[in-house]
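Asks: Sequence plus predicted model, see below.
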Amino acid sequence: MGTWQLVLVGLVMLLGLLGVVTPGVPGPPIVWAGVLWWSLTQRTALAWAVLAGATGVLLLNQAVIWLLPARHLRGAGITRRAFLVAGSAGIAGFFLVPVLGAVLGFVAGLYGMERQRLGGHGEAWASTRNVMRALGTSVLVELFACLLVVGAWIGSVLHG
């Protein structure tokens, strides 16, 4: 697989990660499609193992999401922009502080946007807690599953 094709697969996966925090965009299927594209091109045992692992993780993710309460962006009192910033901070946090950084980045990004919007610490923290109760858990579960898949893909690309 050439460098440009790897870059394109990476961009597809990045689109899937951003799709997790963008309402109406199916993030996990896009991430899975990127892994499928890569594994069909690579055709190695490692590529097939990553595809099988990604399939298992994303199917388990869908089962867990189904068990969690439904997420509604409007009812939580958060803007789409704040949600996108929080999701982007979660993605960046995952790579800066492996695994735990996703949660820390998401909450920090959300708090920062709410602090900017509301002005004070008390109001911003109360709003952040409210949003996390309303929809943050399901988004974090979905984002974490997709980040695990992308992390496994990056590790296998660097290994191979």
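Replies: Received the coordinates, thanks.

Asks: Low-confidence ranges, this structure, go.
Replies: Along the chain, segments meeting pLDDT under 70 span 69-77, 99, 136.

Asks: Let me know the outermost residue of it.
Replies: Distance from the centre of the chain peaks at residue 120, with 28.3 Å (Cα atoms, centre = their mean).

Asks: Pull the contacting residues for residue 102.
Replies: Listed by Cβ atoms under 8 Å, 6 or more residues apart in numbering, the contact set of residue 102 reads 90, 91, 93, 94, 140, 143, 144, 147. Backbone N, C-alpha and C define where each C-beta goes, glycine included.

Asks: Need phi/psi at the third one.
Replies: In this case it means residue 93. Per-residue torsions, residue 93: phi -60, psi -30 (degrees, to the nearest 10).

Asks: That one reaches residue 105, doesn't it?
Replies: Yes - between residue 93 and residue 105 a contact is recorded at 2.3 Å, counting by Cβ atoms under 8 Å.

Asks: who touches both of those two?
Replies: Counting by Cβ under 8 Å, 6+ apart, no residue touches both residue 93 and residue 105.

Asks: rewinding a little: out of the contacts of residue 102, which is most surrounded?
Replies: Among those, residue 90 has the most neighbours (other Cβ atoms under 10 Å), with 28 neighbours.

Asks: check which helix or strand covers it.
Replies: Following DSSP states H and E, one finds residue 90 within helix 80-96.

Asks: before we move on, what about residue 54?
Replies: If you go by DSSP H and E, residue 54 is part of helix 45-67.

Asks: Show me which positions of that helix end up buried.
Replies: By neighbour count on 16 or more other Cβ atoms under 10 Å, the buried set for helix 45-67 is 47, 50, 51, 53, 54, 57, 58, 61, 65.

Asks: And that helix, what does it pack against?
Replies: helix 27-42, helix 137-159 (3 or more Cβ pairs under 8 Å, 6 or more residues apart in numbering; DSSP states H and E).

Asks: give me every residue that touches residue 28.
Replies: By Cβ under 8 Å, 6+ apart, residue 28 lies in contact with 16, 20, 58, 61, 62, 142, 145, 146.

Asks: at 6 Å what do you get?
Replies: The contact partners of residue 28, taken as Cβ atoms under 6 Å, 6 or more residues apart in numbering, are 58, 146.

Asks: Okay then, goodbye and thanks.
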